[in-house]
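**Q** here's my sequence, what's the structure:
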Amino acid sequence: MTETQLQQERAKAKAAWNLTKLKLRSGQASPADVEQARRVYENLSTAQPATEPLKPIRPIRQPGASLPPDLAALVDTIRSEQGEISRRKAELSNSLKSIPDALACPEVVQQILTLRRAWVEKQDEIRYALDHGHRPVTEPVKLIEDSYAASLPTDKFELDRLMRYEKSKLSKYRSGLERASTEAKKQHYRTQIAKAELKLERMVAIFKAL
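**A** Got it, this is the predicted structure:
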């Protein structure tokens, strides 16, 4: 891992450790779980970055690129909603600090965990909006078949290669849908799956006609 990736993993491990300690207070985790999370964090704290940096991941939007006004307003709205969730979660977390550790308080802990999930949901909504230009919604996926078909190769070998590539992407999207934990991510993968299936359907029809 690069230094940046290592820092990200350390932050995730620390958050997981804190979350496990929180769950311990509501009976959703054991002391052994807390100890395991602590060890993961400490191991990452002493880990060294890879000597050969990995290829940088291409950002969703080029640095410095401005958002269209409507999209910028939407992202600001979602971030405002996310900020309100953060404020409420902070209030509950602060109230928890005044309660002795030995005293279980499952109701407060559950509220904090629910708000944490809501915050993650908003983060994925922002990502979805940047990718698709709107909030996650269920909508039909349409392809302009004539123009898409015209862009496909007429050589069977090339078309077969494209079909295998599209099938590989479809498998990846389906795996992503199974792992998705928020509605925004689920809708993103549903959209990608629908597009890939329509493309494959068109490719197969052309392949059979060649």
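
**Q** every contact and neighbour count from this point should use C-alpha atoms.
**A** Fine.

**Q** number of nearby residues for R190?
**A** R190: 18 surrounding residues under other CA atoms under 10 Å.

**Q** following the lowest-mean-pLDDT helix or strand in the chain, which helix or strand shows up next?
**A** Sorting the helices and strands of the chain by mean pLDDT, DSSP states H and E puts helix 145-151 at the bottom, at a mean of 72. Sequence-wise, the next helix or strand downstream of helix 145-151 (DSSP states H and E) is helix 156-179.

**Q** that next one packs against which elements?
**A** For helix 156-179, the contact count by 3 or more CA pairs under 8 Å, 6 or more residues apart in numbering; DSSP states H and E identifies helix 183-209 as packing neighbours.

**Q** need the three-state assignment for Q48.
**A** coil (DSSP: H, G, I helix; E, B strand; the rest coil).

**Q** so who does it touch?
**A** E3 (CA atoms under 8 Å, 6 or more residues apart in numbering).

**Q** can you give me the separation between it and A15?
**A** 20 Å (CA to CA, to the nearest Å).

**Q** same question, E81
**A** For E81 relative to A15 (CA to CA), the value is 22 Å.

**Q** how about V204?
**A** Shown here: V204 relative to A15, a distance of 47 Å by CA to CA.

**Q** what about the nearest residue to I112 once chain neighbours are set aside, helix or strand, and which?
**A** Ranked by CA to CA, 6 or more residues apart in numbering and with sequence neighbours excluded, the top spatial neighbour of I112 is K89, at 5.7 Å. In this structure, K89 sits in helix 69-97 according to DSSP H and E.

**Q** so for the following helix or strand past that helix, mean pLDDT?
**A** Toward the C-terminal end, the helix or strand that comes next after helix 69-97 (DSSP H and E) is helix 106-132. Averaging pLDDT along helix 106-132 gives 88.

**Q** L210: how many residues sit nearby?
**A** 8.

**Q** show me where this protein dips below the pLDDT cut-off.
**A** 1, 50-65, 138-147 (pLDDT under 70).

**Q** roughly how far apart are the residue lying closest to T154 once chain neighbours are set aside and L162?
**A** Excluding its sequence neighbours, the residue lying closest to T154 (CA to CA, 6+ apart) is L210, at 7.4 Å. Per CA to CA, L210 is found 15 Å from L162.

**Q** how about the contacts made by P106?
**A** Here P106 is in contact with R25, S26, G27 (criterion: CA under 8 Å, 6+ apart).

**Q** how many neighbours does the residue nearest to the first one when sequence neighbours are not counted have?
**A** Once its chain neighbours are removed from consideration, R25 has its nearest residue in A104; the separation is 5.2 Å (CA to CA, 6+ apart). Neighbours of A104 under the rule other CA under 10 Å: 14.

**Q** how close does A104 get to L67?
**A** As judged by CA to CA, A104 and L67 stand 46 Å apart.

**Q** equivalent analysis for Q123, please.
**A** 17 Å.

**Q** neighbour count winner among the two?
**A** Using other CA under 10 Å, the more surrounded residue of Q123 and L67 is Q123, with 17 against 13.

**Q** good, we can wrap up now.
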